[in-house]
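Colleague: just coords:
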């Protein structure tokens, strides 16, 4: 019997994957343990091994196609074996066939009709052929009215259904929650989560909104972005729609921080540990967050969850996107441990070797644009966290100290906070504490 190959679910947050490359071709022999295909999630690319031995009978989705988790994407079986699915005409359930014309002496049978008043994704009673037909057409069964016995969806219901654009179950569920009309979306091929979020935020991509004739003749044709950029677009839109955010900026004198790094970096280098300002900031933030538990929290359904540990993420550039691995239990780790673990995560990010565990469970994020000369910006919160710290460039600035004008390396810290939980006073006190620890790092010892 042929074995189905499913799009794997690699992590709790993964809902879909993009097939990067098929390592085997249709008709080719496959052994259990062989690399069958590679799949790109929103942040990672992984090779997927075959679970069984046989022949790759059929590939249902090609390279570059995005498929929901647990969807059948191929079949493996004995050479020449029939693929389950496409039933012969005689195998089509009677309820799916077109009704015969009634005899002149017989009254027309009464057909019960049940309208599709269901939530997207709800279980639907449907005939097997109707279910197969809906899957082939990309229809959500929960949106199809049933005319079969006891509210069963039959083939004629699917064939007569006007669905509008093809929609993933996740997109349909989100559209229902946000009140988005799916019929108004002109997604390329299929409406996905990112399309719904974009529509809800009135952030339709420029390539979809340029009037005919406006695009220059020398412009390149629009290109579909990679899974990482799609993930960033969807997550940033979700954050923008979820959190009423305010950004607070506070200057800090970085003299003591520079002095601390200068005194420690050579000794740590001998131990194979690279010390940067980001590591010091992570250590200081971990300390401050233990004193402000409401900021080291998440909020949803009017419930505030205080996290037991401080898991600090650092935004790392990868190609044209960003990934945020996080250091777990940072409040309990030394500066050297934080530095070593962070550099390991950065290397794994750029080599594409991060695990899902490295990217999930964060409670607070730091984003540094100082190396690029930025002196002020408003970072967007990494959901479901409640705040993110933007770190800016150190600039030699004239300041007054003890009645005299002196030059000091001043740096702005920009805290974007979710105002549902973190009000202005709390955010200001948190920033003050960060600055106090950075300007007096010996306080970390008490």
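Modeller: Sure thing, it's come through. Bear in mind that the values here come from a model prediction, so they are computed numbers and not experimental data. Numbers count the residues shown, from 1 in each chain.
Colleague: now for the protein, the helix or strand with the poorest mean pLDDT.
Modeller: Least confident helix or strand of the chain, by mean pLDDT, DSSP states H and E, is helix 206-209 with a mean of 41.
Colleague: and the helices in the stretch 1-150 of the chain?
Modeller: 128-137 (DSSP state H, counting those that start in this stretch).
Colleague: from residue 19, how far out is residue 65?
Modeller: Separation of residue 65 from residue 19 (CB to CB, to the nearest Å): 6 Å. All C-beta atoms are positioned from the backbone trio N, CA, C, and that covers glycine.
Colleague: more crowded one of the two?
Modeller: Neighbour count, other CB atoms under 10 Å: between residue 65 and residue 19, residue 19 has more, with 21 against 13.
Colleague: quick check: bridge partners of that one?
Modeller: residue 39 (DSSP bridges).
Colleague: for residue 372, which residues are in contact?
Modeller: residue 393 (CB atoms under 8 Å, 6 or more residues apart in numbering).
Colleague: got phi/psi on the residue nearest to the spatial centre of the chain?
Modeller: Centroid check for the chain by CA atoms, centre = their mean gives residue 231 as the closest residue, at 4.6 Å. The phi and psi values for residue 231, taken as degrees, to the nearest 10, are phi -60, psi -40.
Colleague: dihedrals phi and psi, residue 303?
Modeller: Residue 303 adopts backbone torsions of phi -120, psi 130, taken as degrees, to the nearest 10.
Colleague: if you could redo that for residue 10, that was the one I meant.
Modeller: The phi/psi pair for residue 10 (degrees, to the nearest 10) reads phi -100, psi 70.
Colleague: quick one: contacts for it?
Modeller: Per CB under 8 Å, 6+ apart, neighbours of residue 10: 17, 39, 41, 44, 46, 356.
Colleague: of those, which is the most crowded?
Modeller: residue 17 (28 neighbours).
Colleague: that one against residue 73, yeah?
Modeller: No: using CB atoms under 8 Å, residue 17 is not in contact with residue 73; the gap is 9.2 Å.
Colleague: please enumerate the helices of the stretch 301-446 of the chain.
Modeller: 335-350, 356-359, 424-439.
Colleague: could you list the low-confidence segments of the stretch 251-400 of the chain?
Modeller: Across the stretch 251-400 of the chain, nothing is flagged by pLDDT under 70.
Colleague: can you give me the strands for it?
Modeller: Secondary structure of the stretch 251-400 of the chain by DSSP state E, counting those that start in this stretch: the strands cover 297-300, 303-306, 312-314, 316-318, 321-323, 326-327, 364-368, 387-401.
Colleague: any idea which of these gets closest to residue 289?
Modeller: Nearest to residue 289 among the strands of the stretch 251-400 of the chain is strand 364-368 (5.8 Å), distances taken as CB to CB.
Colleague: quick one: residues contacting residue 239.
Modeller: When contacts are counted by CB under 8 Å, 6+ apart, residue 239 touches 380-383.
Colleague: from those residues, which would you call buried?
Modeller: By neighbour count, with 16 or more other CB atoms under 10 Å, the contacts of residue 239 hold 380-383 as buried.
Colleague: before we move on, the earlier item: shared neighbours of residue 17 and residue 73, anything?
Modeller: With CB under 8 Å, 6+ apart, residue 17 and residue 73 have common neighbours 7, 67.
Colleague: grab the nearest non-local neighbour of residue 315.
Modeller: Nearest residue to residue 315, sequence neighbours excluded (CB to CB, 6 or more residues apart in numbering): residue 367, at 4.2 Å.
Colleague: domain ranges for the chain, per the record?
Modeller: Following automatic domain parsing, the chain resolves into domains at 3-77, 245-445.
Colleague: quick revisit: residue 352 is nearest to which of the strands of the stretch 251-400 of the chain?
Modeller: In terms of CB to CB, the element of the strands of the stretch 251-400 of the chain nearest to residue 352 is strand 316-318, at 8.1 Å.
Colleague: how about that closest one: buried residues?
Modeller: residue 316.
Colleague: related to what we said a few turns ago, farthest-apart pair in the contacts of residue 239, please.
Modeller: 380 and 383 (9.2 Å).
Colleague: would you confirm that residue 421 contacts residue 297?
Modeller: Yes: using CB under 8 Å, residue 421 is in contact with residue 297, at 6.7 Å.
Colleague: shared neighbours of those two, anything?
Modeller: Contact criterion CB under 8 Å, 6+ apart; residues shared by residue 421 and residue 297: 304, 386.
Colleague: the more surrounded of these two?
Modeller: A direct count of neighbours by other CB under 10 Å for residue 421 and residue 297 places residue 297 higher, at 21 against 16.
Colleague: quick check: that one touching residue 308?
Modeller: No: the criterion here is CB under 8 Å, and residue 297 misses it with residue 308 at 10.8 Å.
Colleague: from residue 305, how far out is the nearest residue to residue 244 once chain neighbours are set aside?
Modeller: Spatially, and ignoring its direct neighbours in sequence, residue 244 is nearest to residue 419 (4.6 Å; CB to CB, 6+ apart). Applying CB to CB, the value for residue 419 to residue 305 is 18 Å.
Colleague: who's more crowded, those two?
Modeller: It is residue 419, of residue 419 and residue 305, that has more neighbours when counted by other CB under 10 Å, with 14 against 11.
Colleague: quick check: the more buried one touching residue 245?
Modeller: Yes: using CB under 8 Å, residue 419 is in contact with residue 245, at 6.7 Å.
Colleague: where does the stretch 1-150 of the chain dip in pLDDT?
Modeller: The model of the stretch 1-150 of the chain has pLDDT under 70 over residues 12-13, 42-43, 85-123, 149-150.
Colleague: at 90 instead, please
Modeller: 1-3, 8-21, 27, 38-47, 52, 58, 60-72, 78-150 (pLDDT under 90).
Colleague: which residue ranges of it form strands?
Modeller: Counting by DSSP E, counting those that start in this stretch, the strands of the stretch 1-150 of the chain are 3-6, 16-22, 29-30, 35-40, 45-49, 54-59, 66-68, 72-77.
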